[in-house]
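1. Predicted model and sequence follow; I will ask about them next.
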Amino acid sequence: MVVWARHYREGLLHVLRVRQDYAIEEIAPGDEAALHRLLEKPPDIVLLDLPPIELTSLVCRLHASNPSLKLIALNREGTEGELLALFEAGLTGFVPAEATSSDVVEIVDAALRGEFHCPPRIATALIRRLSESAPGRRMSGETALTPRELQVLALAEQGLTNKGIGERLGISPATVKNHMHNTLAKLSAHRRTEAVARLRSRMGT
C-alpha cells in the first residue's frame, strides 16, 4: 500500500487489517527500499494514493516490472482522458473519493478475483479506444456492436450480473439480456467471456 497522507494510510490499514486473510505492507511515498522489496517479491495487489504525476510514474514503473500486478488507485478522479491514460499505463481499477471503507474492501476483493473495476463510461471508452487503435480490424455492417452493447459487454467483463449491469446503466435486466443476446450473436460467442475474447481478437489486442 503506497498512500501519501499518513493519517489516511493508517486509517485504511486499520480497516483492512480487520480482514484476517489480508497480509498487508505499508509503504510511504519515497521509500525506495520498500519499493525495491515490492518489485522483488510482488504482492497480489497494490493500493496507490498519490498526486497525479507520481501516480502515473509509479503505475508505469510497477506495470513494467510485472504486467500481471493488480494496481488500484485510491481517491482517483479526473477527466476521461486522464483516467484512460492511467488504465492504459497498467491501472487495474480505482476507488472514487466518495467511496466508503466497505467499498474499498469490495473493490480489492473484486480485483483479487480478476475483475476489472472502473466506471461504465471509462470501460466503454477503453473498448472504443481498442477499436480505434486497429482500424483495419474493425467490425463492420451487421456485426458492429452498438455503443450500448459495448457498455453492457464492458460491465459483463467486470463480472456484473444482468441485474447489476441494469442498475449501473439505468435499464431493466430484460433489456440487458437482449443486448447481451445480440452481442453474443454478432460475435458468434456462446458465453460472455468468449465474447470479450473474440472482441479483443478482432481488435488485434
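-> Cool, got the structure.
2. residue ranges for the helices of the protein, please.
-> Using DSSP state H, the helices of the chain run over 6-17, 32-40, 52-65, 80-89, 101-112, 120-132, 147-157, 162-169, 173-186, 192-202.
3. Tell me which residues of the last one come out buried.
-> By neighbour count on 16 or more other CB atoms under 10 Å, the buried set for helix 192-202 is 192, 195-196, 198-199, 202. C-beta here means a position set from N, CA and C on the backbone, and glycine is covered the same way.
4. Give me the below-cutoff pLDDT ranges for the protein.
-> Scanning the chain with the threshold set as pLDDT under 70 gives 1-8, 19-23, 28-29, 76-81, 116-122, 126-143, 200-205.
5. For stretch 178-198, give the distance from the opening residue to the closing one.
-> With CA to CA, to the nearest Å as the measure, stretch 178-198 spans 19 Å from end to end.
6. mind checking how far it is from the chain centre?
-> Centre-to-centre, stretch 178-198 and its host chain are 21 Å apart (CA atoms, centre = their mean, to the nearest Å).
7. Then stretch 33-53?
-> What separates the centre of stretch 33-53 from the centre of its chain is 17 Å, taken as CA atoms, centre = their mean.
8. What's the end-to-end length of that stretch?
-> End-to-end distance of stretch 33-53 (CA to CA): 21 Å.
9. what about residue 105, distance to residue 17?
-> Noted for residue 105: a distance of 11 Å to residue 17, by CB to CB, to the nearest Å.
10. Please identify which of these two sits among more neighbours.
-> When neighbours are counted by other CB atoms under 10 Å, residue 105 and residue 17 differ, and residue 105 comes out ahead with 15 against 11.
11. Tell me how many other residues surround residue 147.
-> Applying other CB under 10 Å, we find 10 residues neighbouring residue 147.
12. Just the buried residues of stretch 90-99, please?
-> Using 16+ other CB under 10 Å as the test for burial, stretch 90-99 gives 90-95.
13. List just the nearest of those to residue 110.
-> In terms of CB to CB, no member of the buried residues of stretch 90-99 lies closer to residue 110 than residue 93, at 7.5 Å.
14. Got the domain ranges for this protein?
-> Listed domain ranges for the chain are 2-115, 121-202 (source: automatic domain parsing).
15. starting at the chain centroid, how far to the last one?
-> For domain 121-202, the separation from the chain centroid amounts to 16 Å (computed by CA atoms, centre = their mean).
16. before we move on, what about the first one?
-> Distance of domain 2-115 from its chain centroid, counting by CA atoms, centre = their mean, is 12 Å.
17. Looks like residue 192 contacts residue 156 (just checking).
-> Yes: counting by CB atoms under 8 Å, residue 192 does reach residue 156; the two are 4.6 Å apart.
18. Residue 34 contacts residue 25, correct?
-> Yes: Residue 34 sits in contact with residue 25 when judged by CB under 8 Å, with a separation of 7.4 Å.
19. So which of the helices of the chain is the most surrounded?
-> Comparing these by mean neighbour count (mean count of other CB atoms under 10 Å), helix 147-157 ranks first with a mean of 22.
20. Please put the alpha-carbon coordinates of it into CSV.
-> Presented in CSV, the C-alpha positions along helix 147-157 are these (Å, rounded to 0.1, in the frame of the first residue of the first chain):
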residue,chain,number,x,y,z
PRO,A,147,-22.3,1.8,-28.0
ARG,A,148,-24.9,0.3,-25.6
GLU,A,149,-23.7,-3.2,-26.5
LEU,A,150,-20.1,-2.2,-25.8
GLN,A,151,-21.2,-0.8,-22.4
VAL,A,152,-23.0,-4.0,-21.5
LEU,A,153,-20.1,-6.2,-22.6
ALA,A,154,-17.6,-4.0,-20.7
LEU,A,155,-19.6,-4.3,-17.5
ALA,A,156,-20.1,-8.0,-18.0
GLU,A,157,-16.3,-8.3,-18.2
